[in-house]
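J.: Fold the following.
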Amino acid sequence: MLVILATHPERLDSLLSTALSDNQASQEIFAPYHRQTRHLWLLIILWAAIYVPALFRPALLDDADTVHAEAAKEMLDSGDWVTMRVNNGVRYLEKAPLTYWTTATFYGLFGVSEWTTRLTLTLGVLALSLSLYVMGRRVYSSEAAGLYAALVISTAFGIFIFTRFLIPDVVVGLWLTLGLYFFWRTLEESPPSRLACWGLAATIALAVLTKGLIGIVFPSAIIGIYLLLTGNLRHLLRMRLLSSFLVFLVIALPWHVLAALRNPWANNEARGWLWFYVVNEHVKRFLGTRFPKDYATVNLAAFWLLIFMWLFPFSAFLIQAIGQLRGKLGKRFTDLDRRGRAHLLFGVWAFTILLFFSFSTRQEYYSLPALPALALLIGAWLAAEAAAEPASSIRRYGRISSATLAIVGVLAFIVATFLALQSSSPPAGADIAELMKHNPERYSLSFGHFFDLTPEALGAFRGPLLGTGIALLLGTGLNWIFRRRGKIFYGNLALALMMVPLLYCANLGFVRFEPIMSSKQLAFAIKKEYRPGDVIVINGIYEDASTINFYTNQRIHTMGGRENNLWYGSLFPDAPQFRENGQSFTRLWSSPTRVFLWTEEDRAPGGLMTGNVYEVARSGGKVILTNHLK
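T.: Got it, this is the predicted structure:
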């Protein structure tokens, strides 16, 4: 072979040319796959850098966090995966079960801990990010659009903050993303495939099992409004409605039937699961007449404006992204190009959810299922910006937004540095609760305790403040520099990487707040002293100190009346007795039974405690008292 090539050099040239052309062709074929692999690794590494360290700290929080975690734990302990219970046997019927099923499964596999409690939502964020990557890439026929949409949601401030406690809204966003992707496929296929139609039905059913009736209300409203606006309502007849409805029923119906059968009408107060779950927890909650009314409602203007905070930092481009909807309303489906149809679908998706809660009671995090739609719009705009000519208007708008964001970064750095330098170091061993004021009227909001911060308390947050300021200064500054040089990808990457230290600092803030927002240390103090037969009493409602129940594994008695989420479960004949009033508590305290009383320092019921009073532990403005030592 070597002799032939040596004597016939033209054959060597031919072989080399063929090899080079084959190599070039293979690179062209496999280049998209290599690019997708790099993008996927980028998204996974970024997600891990943000979310994995936050799995382990802080402790689980009082109220919704440990109420929901306790429901999952007792589900695993009891083996009853239909009727949820908390406080060692009290029925907890107000929530759909899917989040608790997955959390209980992780408990069974890896044990009960903080990180296994957060694993459901943490993996949900990863799944949502990857789903947006696939959806943006395919719907917009743009690798960049999918990547940027995924970066937006992976680094969004609101997504991170509202996965610090166990609420299912980010998972609802995941099911909506998958469901509307399947719906998009039905629009592109002729006729729509079974996979697309049945996939849509399955995701609606999973959303119902995650968050209740809004799981069917949201996708149905979004699809109906979209088809109405595009004059394409006849498309519903092509969507295999009968078989799709059967798929929905197979997934969603069994738990609802079993829950109704196992929690029947017990008396005139306990009117059965169906009334409580459908009427009280859905209809009356929407109307603001739910009992008990244990939550506040966010101001409507704040609810809308907070979207910019929840999507930070890429909310700097939100106005331009929404501007893509101009000219799309009033056009028929056939008059819109593929990109226009996608813009309109995502716009309808976001505004349907936001408008729905504009006429209802609302919490800050109720907007979370709308964020994936806005992330897709932002991702599409960022991809268009990167592909545009340097002198185009879209590039100019991008530079204006990046300059505005850089100004915000500079101001935030100045403010954070000023506050950090002006704050005084708290005394060694000082309880942060002693440095803060109290606004109990705000605590029904998700972040009501942040209104308690005083200049003195900021000393405990000096490190996170400085870290946040530096991250914002560098990230927004680099984004502005890169955009001025036309390097859009690197500018967006700088913003995404900025959020790694910034969100780490945000989680450190939660760690600093732990003594106030959690009773874990007090629970451990009780657990160390607890003996069978002792009684734990909360001077308040169950949610005030639900971490005591979770970490001690003991039932807690309450002195907070019926204004809590256990009132309905307590009406059933099999409900354990856990309520105390003034008289029963006084008798209990003066009896030989040892009592551990959890109470806020300034609310101790001194007039009800006759005899000896001993302090067991104190933390976060709360104290554990007992009537008997060992």
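J.: Can you classify residue 414 as helix, strand or coil?
T.: helix (DSSP: H, G, I helix; E, B strand; the rest coil).
J.: Now for it, how many residues are close by?
T.: Around residue 414 there are 12 other residues, counting by other CB atoms under 10 Å. (Each C-beta comes from the backbone N, C-alpha and C, glycine too.)
J.: Give me the nearest residue to it, chain neighbours excluded.
T.: Nearest residue to residue 414, sequence neighbours excluded (CB to CB, 6 or more residues apart in numbering): residue 469, at 7.7 Å.
J.: Can you tell me the number of residues neighbouring that neighbour?
T.: Using other CB under 10 Å: residue 469 sits among 24 other residues.
J.: residue boundaries of the helices in the stretch 401-550 of the chain?
T.: 462-484, 488-517, 520-529, 546-552 (DSSP state H, counting those that start in this stretch).
J.: so residue 47 touches residue 125, yeah?
T.: Yes: here residue 47 reaches residue 125: they are 6.6 Å apart, a contact under CB atoms under 8 Å.
J.: list residues touching both of the two?
T.: Taking CB atoms under 8 Å, 6 or more residues apart in numbering as the criterion, residue 47 and residue 125 both touch residue 154.
J.: contacting residues for residue 483?
T.: 398, 399, 402, 491.
J.: how far away is the closest residue to the second one other than its chain neighbours from residue 489?
T.: Taking CB to CB, 6+ apart, and ignoring the residues beside it in sequence, residue 399 has residue 483 as its nearest neighbour in space, at 5.3 Å. Distance, residue 483 to residue 489, by CB to CB, to the nearest Å: 10 Å.
J.: State the distance from residue 217 to residue 223.
T.: Here residue 217 is placed at a distance of 11 Å from residue 223 (CB to CB).
J.: So the two - more neighbours on which side?
T.: residue 223 (23 against 19).
J.: Just read off the phi/psi values of the more buried one.
T.: Backbone torsions of residue 223, given as degrees, to the nearest 10, read phi -60, psi -40.
J.: So it sits against residue 186, correct?
T.: No: Residue 223 is not in contact with residue 186 according to CB under 8 Å; the separation is 9.4 Å.
J.: Tell me who's in contact with residue 185.
T.: 192, 193, 195, 196, 199.
J.: what do you get for residue 243?
T.: 194, 197, 198.
J.: I'd assumed residue 240 was in contact with the first one.
T.: Yes: contact criterion CB under 8 Å: residue 194 and residue 240 qualify, at 6.6 Å.
J.: who's more crowded, these two?
T.: Taking other CB under 10 Å, residue 194 and residue 240 do not tie; residue 240 has more neighbours (20 against 12).
J.: quick one: what helix or strand has the closest residue to that one other than its chain neighbours in it?
T.: Distance criterion CB to CB, 6+ apart; nearest residue to residue 240, sequence neighbours excluded, is residue 197 at 4.2 Å. For residue 197, the host element (DSSP states H and E) is helix 194-211.
J.: From the contact counts, what lies against that helix?
T.: Applying 3 or more CB pairs under 8 Å, 6 or more residues apart in numbering; DSSP states H and E, we find helix 194-211 packed against helix 98-110, helix 169-188, helix 214-229, helix 241-262.
J.: sorry, back to before: any quick ChimeraX command for the buried ones out of the contacts of residue 185?
T.: The buried residues among the contacts of residue 185 can be selected in ChimeraX (16 or more other CB atoms under 10 Å) with this line:
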select :192,196,199
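J.: What's the separation between residue 602 and residue 521?
T.: 19 Å.
J.: Which one of the two is surrounded by more residues?
T.: residue 521 (18 against 8).
J.: I'd say the more buried one and residue 618 touch.
T.: No: with contact defined as CB under 8 Å, residue 521 does not count as touching residue 618 (9.4 Å).
J.: what's the overlap in contacts for these two?
T.: Common neighbours of residue 521 and residue 618 are not found (criterion: CB under 8 Å, 6+ apart).
J.: Sounds good, over and out.
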